[in-house]
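1. Predicted model and sequence follow; I will ask about them next.
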Amino acid sequence: MNYNEIIKRLHEPFGAKEIEWKIQVTSQDKKRGMAVAYMDARAVQKRLDEVVGAFNWKNVYSLWHDNSQICGISIFNDDRNEWITKFDGAENSDIEPIKGGLSDSFKRAATIWGIGRYLYEIDGVWVEIEPKGKSFAIKQNQYGKLDNEYNAAINRIFSLKPTQQNIQQTAAPNANTEIAAPANEYKVQSIKPSGKSSQVLELVDKNGGTVKAYIKAADQSIKAGAKLSNVRIETKNSNYGDYNLISSYQLAA
């Protein structure tokens, strides 16, 4: 496996069941809380084992200013015949301080490699909570909602590949290939923000087929329910995988 393929696989999203959630803030009545997604250290270890092999990665820790931990994750690069290390750190936690600091610094170092970095782009989700000791826990009947919200966020961040009935590919995709769709007509099913500079549109064609594609957020002329003609969609490649970009269109009368 070449280096680019390793990086791509490290950046892949985790499945919904591999993600954990914790309450960040609560409502005044303590009945609802904002849940934020995070990855467990064991999920990071599993990802490294699967992608580079258990014998091709290692980590090292060092104490920083008596109350913080620095972690470096090293991956062996066959092409350069050397270990490549990336570092990050975290303060010791309030509960099990040293263990918490080690775990947090390990996970932060993993994000430098791209593992779970996309989680920073997922908004918190308000859910029903219940008291648990001196804190609060998410009610069990809320985890289905969290799975749905997580999967929707993954679709937004990584985008969905177009179906064959919408996009006729003219070449096999790779890092330097753009796949263009023929001019077509679509109805805008929904619009969602994606970061600070783009929106993701869910488009429906006349046969009921759907495709998701990005467009600049500065374009305020497109509304849900609008009809677009002469739409040109290009498939682009990024570290997070392929995504669709609307390069040109016209508002239908």
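-> Here it is on my side, so go on.
2. Please list all residues in contact with Arg9.
-> With contacts defined as Cβ atoms under 8 Å, 6 or more residues apart in numbering, Arg9 is in contact with 1, 50-51. Any C-beta I mention is one placed from the backbone N, CA and C, and that applies to glycine too.
3. What separation do you get for it and Trp83?
-> Applying Cβ to Cβ, to the nearest Å, the value for Arg9 to Trp83 is 19 Å.
4. Identify the residue nearest Ala43 in space, chain neighbours excluded?
-> Glu18 (5.1 Å; Cβ to Cβ, 6 or more residues apart in numbering).
5. on that earlier part again, among the contacts of Arg9, which ones are buried?
-> When these are checked for burial by 16 or more other Cβ atoms under 10 Å, the buried set is Val51.
6. could the contacts of Arg9 go into a markdown table alongside distance to Gly33, pLDDT and secondary structure?
-> Output for the contacts of Arg9, formatted as a markdown table (distance: Cβ to Cβ, whole Å; pLDDT from 0 to 100; DSSP: H, G, I helix; E, B strand; the rest coil):
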| residue | distance to Gly33 | pLDDT | secondary structure |
| --- | --- | --- | --- |
| Met1 | 41 | 71 | coil |
| Glu50 | 33 | 95 | helix |
| Val51 | 34 | 95 | helix |
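7. out of the contacts of Arg9, who's nearest Phe136?
-> When the contacts of Arg9 are ranked by distance to Phe136 (Cβ to Cβ), Glu50 comes first, at 33.9 Å.
8. Quick check: that closest one vs Glu18, distance?
-> 12 Å.
9. Next secondary structure element downstream of the least confident helix or strand in the chain by mean pLDDT?
-> Comparing helices and strands within the chain by mean pLDDT, DSSP states H and E singles out strand 179-180 as the least confident, with a mean of 37. Proceeding N to C from strand 179-180, the next assigned helix or strand is strand 184-194, under DSSP states H and E.
10. Can you give me the buried ones in the very next helix or strand once past that following strand?
-> For strand 184-194, the following helix or strand on the C-terminal side (DSSP H and E) is strand 198-204. By neighbour count, and taking 16+ other Cβ under 10 Å as the criterion, the buried residues in strand 198-204 are 199-203.
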